[in-house]
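Engineer: I need the structure of the sequence given here:
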Amino acid sequence: MTNGKTGTWRNWAGNVRARPAREVTPASVEEVASAVRRAAEDGVRVKAVGSGHSFTSVAATDGVLIRPDLLTGIRRIDRAAMTVTVEAGTPLKRLNLALAREGLSLTNMGDIMEQTVSGAISTGTHGTGRASASIAAQVRGLELVTADGSVLACSAKENPEVFAAARIGLGALGVITAVTFAVEPLFLLAAREEPMDFDRVTAEFDELVTENEHFEFYWFPHTENCSTKRNNRSAGPARPVGRIPGWIEDELLANGLFQAVNVLGRAAPATVPALAKVTSRALSARGYTDVPYRVFTSPRRVRFMEMEYALPREAAMAALRELRATIERSGLRISFPVEVRTAPADDITLSTASGRESVYLAVHLFRGTPYREYFTAAERVFTAHAGRPHWGKVHTRDAGYLAGVYPRFGEFTALRDRLDPDRRFGNDHLRRVLGD
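Structural biologist: Numbers count the residues shown, from 1 in each chain. Below you'll find the model as predicted:
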């Protein structure tokens, strides 16, 4: 185990900073356990951090910061059970590439793959899916170092009450050191991307979700324009996006032009509505067929701030229309599209889709743009529909509110009391969202 020099830790968005007393980089589960025991002896708190893609201070600490840089790679592949066990610090990008080389794939994933596997599941990272849920819902087992330094194996059969909660545990129950995922043989997805106007996509939303395995869309404020994406399994053949067309769409337009537009919009907000009409029409319709991680994910080089809420599916389109009316009344100038995705109900204690079919509404603003007025207005709409905030994104809700929208909230906090009574893994953020 290496002990690195301390300094200021920052998250990806740059809105969270922390100065830990010390940093450790363990190379094994035994070294993680040792670091936790030493922290207890010293009377300091412990937090594990991933790639810093959360917009909240869920991983911030003034105590011991555990970095997972050496906890990477695949431990084992079980082709009979169709599972893969991977070290917790493995970036999703490396996992996806390694699985593809083995002829395997996750069933569903989010739209970026920079996070570590433990960070992604702990905060509820998700994509979109009619029947396939978040990355955490694909977990079949966990290895967890608890507050007394013991190592706990968790699955549906072994410590099932811990397994139910720790898949999305916010780092509050212990340090995850390994994750076992369900996998399947590598398959192909056919992607169809095309523009659609706001009234049509909202009117036909239920039909579009029902007809496609994976459906999502972006609405560009100040316009009638939406960009839709439908992903469905295909028998092939593979027809990936060409290198040059892919660079034009994904790098030049989706990142390069979008960055320039947002810089201009931040400097001159009055130009945003006109710029939105340009950017919303910049990406043309296209179709392609490729392996899942190349279809589900895309590069995100324009940095931003984000708030996302999971709403009951039946309330989502009404909430989106309310958000649109709120923006129009407010005089706000919004340069980023609103993202809409879906998820089936799952059985994870604090999953944003726990026990209910959900639709995610995500609002963003370019980094450096004042965001509080917009996010406050959006949050007012979302909470009016019993929305559940994404655990890794900006929100202002506390334990009192969250206990009201999560029927199993008390189950989670009782388990936390048992596993970490001294709050070895606590911080100010967890005190707000989980209570004392």
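
Engineer: Start and end of stretch 383-399, how far apart?
Structural biologist: Stretch 383-399 has an end-to-end distance of 14 Å (C-alpha to C-alpha, to the nearest Å).

Engineer: What of stretch 393-411?
Structural biologist: Start-to-end span of stretch 393-411 (C-alpha to C-alpha) is 23 Å.

Engineer: same check, this time on stretch 293-300
Structural biologist: 14 Å.

Engineer: give the contact list for S51.
Structural biologist: Contacts for S51 (C-beta atoms under 8 Å, 6 or more residues apart in numbering) come out as 12, 91, 114-116, 119. For every residue, glycine as well, the C-beta is placed using N, CA and C.

Engineer: Select from the residues you listed every entry located in helices.
Structural biologist: G119 (DSSP state H).

Engineer: and of the contacts of S51, the nearest to T297?
Structural biologist: If you rank those by distance to T297 using C-beta to C-beta, E114 comes first, at 9.2 Å.

Engineer: pLDDT score for that closest one?
Structural biologist: E114 carries a pLDDT value of 93.

Engineer: what about the closest residue to it other than its chain neighbours, distance to T90?
Structural biologist: The shortest distance from E114 to any non-neighbouring residue, by C-beta to C-beta, 6 or more residues apart in numbering, is to S51 (5.4 Å). Look at S51 and T90: by C-beta to C-beta, to the nearest Å, they are 11 Å apart.

Engineer: Quickly list what's touching both of those two.
Structural biologist: Shared contacts of S51 and T90, counting by C-beta under 8 Å, 6+ apart, come down to T116.

Engineer: E41 belongs to a strand, doesn't it?
Structural biologist: No. E41: not assigned to a strand; according to DSSP: H, G, I helix; E, B strand; the rest coil it is helix.

Engineer: Tell me the spacing between it and V64.
Structural biologist: 11 Å.

Engineer: neighbour-wise, which of the two wins?
Structural biologist: Higher neighbour count among E41 and V64: V64, with 23 against 9, using other C-beta atoms under 10 Å.

Engineer: close enough to count as contact, that one and P20?
Structural biologist: Yes. With contact defined as C-beta atoms under 8 Å, V64 counts as touching P20 (6.5 Å).

Engineer: list the residues that contact both of these two?
Structural biologist: Both V64 and P20 are contacted by K47, under the criterion C-beta under 8 Å, 6+ apart.

Engineer: secondary structure element for the residue nearest to L189 when sequence neighbours are not counted?
Structural biologist: Leaving aside its sequence neighbours, L189 sits nearest to V295 (C-beta to C-beta, 6+ apart; 4.2 Å). In this structure, V295 sits in helix 292-296 according to DSSP states H and E.

Engineer: Kindly report the domain assignment for the chain.
Structural biologist: By the assignment in automatic domain parsing, the chain contains the domains 2-66, 74-185, 188-290+302-396.

Engineer: First-to-last residue distance for the last one?
Structural biologist: It stands for domain 188-290+302-396. Span of domain 188-290+302-396 from end to end, C-alpha to C-alpha: 40 Å.

Engineer: now stretch 127-138
Structural biologist: End-to-end span of stretch 127-138 (C-alpha to C-alpha): 12 Å.

Engineer: Need the contact partners of it.
Structural biologist: Residues outside stretch 127-138 that contact it (C-beta under 8 Å, 6+ apart): 92, 106-111, 117, 120-122, 124-126, 167-168, 181-182, 209-210, 212-216, 296, 341-344, 346, 348, 351, 353, 360.

Engineer: nearest spatial neighbour of K47, skipping sequence neighbours?
Structural biologist: T61 (3.8 Å).

Engineer: Let me know the secondary structure of that neighbour.
Structural biologist: coil.

Engineer: what separates it from L332, distance-wise?
Structural biologist: The gap separating T61 from L332 is 35 Å, by C-beta to C-beta.

Engineer: Between these two, point out the one with more neighbours.
Structural biologist: Shown here are T61 and L332; by other C-beta under 10 Å, T61 has more neighbours (26 against 17).

Engineer: contacting residues around the more buried one?
Structural biologist: By C-beta under 8 Å, 6+ apart, the residues touching T61 are 18, 20, 45-47, 427.

Engineer: what about 6 Å?
Structural biologist: Going by C-beta atoms under 6 Å, 6 or more residues apart in numbering, T61 touches 20, 45, 47, 427.

Engineer: just L104 next, same as before
Structural biologist: Shown in contact with L104 (C-beta under 6 Å, 6+ apart): 183, 186.

Engineer: Now the residue nearest the centre of the chain, what are its backbone angles?
Structural biologist: Nearest to the mean C-alpha position of the chain, counting by C-alpha atoms, centre = their mean, stands T125 at 2.7 Å. Per-residue torsions, T125: phi -60, psi 140 (degrees, to the nearest 10).

Engineer: rewinding a little: give the pairing partners of whichever helix or strand comes after the helix holding V295; include direction for each.
Structural biologist: Heading C-terminal from helix 292-296, the first helix or strand you meet, by DSSP H and E, is strand 304-312. Strand pairing for strand 304-312, using DSSP bridges, gives strand 358-366 (antiparallel), strand 388-389 (antiparallel).

Engineer: Make JSON lines out of the ones you listed and add distance to N231 and mean neighbour count.
Structural biologist: Below are those laid out as JSON lines (distance: least, C-beta to C-beta, whole Å; neighbours: other C-beta atoms under 10 Å):
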{"stretch": "strand 358-366", "distance to N231": "16", "mean neighbour count": "24"}
{"stretch": "strand 388-389", "distance to N231": "24", "mean neighbour count": "26"}
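
Engineer: thinking again about what came up before, pull out the buried members of the contacts of stretch 127-138.
Structural biologist: By neighbour count, with 16 or more other C-beta atoms under 10 Å, those hold 92, 106-111, 117, 120-122, 124-126, 167-168, 181, 209, 212-216, 296, 341-344, 346, 348, 351, 353, 360 as buried.

Engineer: Looking at the contacts of T61, state which has the most neighbours.
Structural biologist: Neighbour tally across these (other C-beta under 10 Å): the maximum, 27 neighbours, falls on K47.

Engineer: does it really touch S57, like I thought?
Structural biologist: No. With contact defined as C-beta atoms under 6 Å, K47 and S57 do not form a contacting pair (9.6 Å).

Engineer: returning to that earlier point: ranking the domains of the chain by burial, who's on top?
Structural biologist: Mean neighbour counts were compared across the domains of the chain using mean count of other C-beta atoms under 10 Å; the top stretch is domain 74-185, at a mean of 21.

Engineer: now the strands for the stretch 201-350 of the chain?
Structural biologist: 214-219, 225-234, 286-290, 304-312, 338-343 (DSSP state E, counting those that start in this stretch).

Engineer: So which bits of stretch 291-304 are buried?
Structural biologist: Across stretch 291-304, burial judged by 16+ other C-beta under 10 Å covers 291-297, 302, 304.
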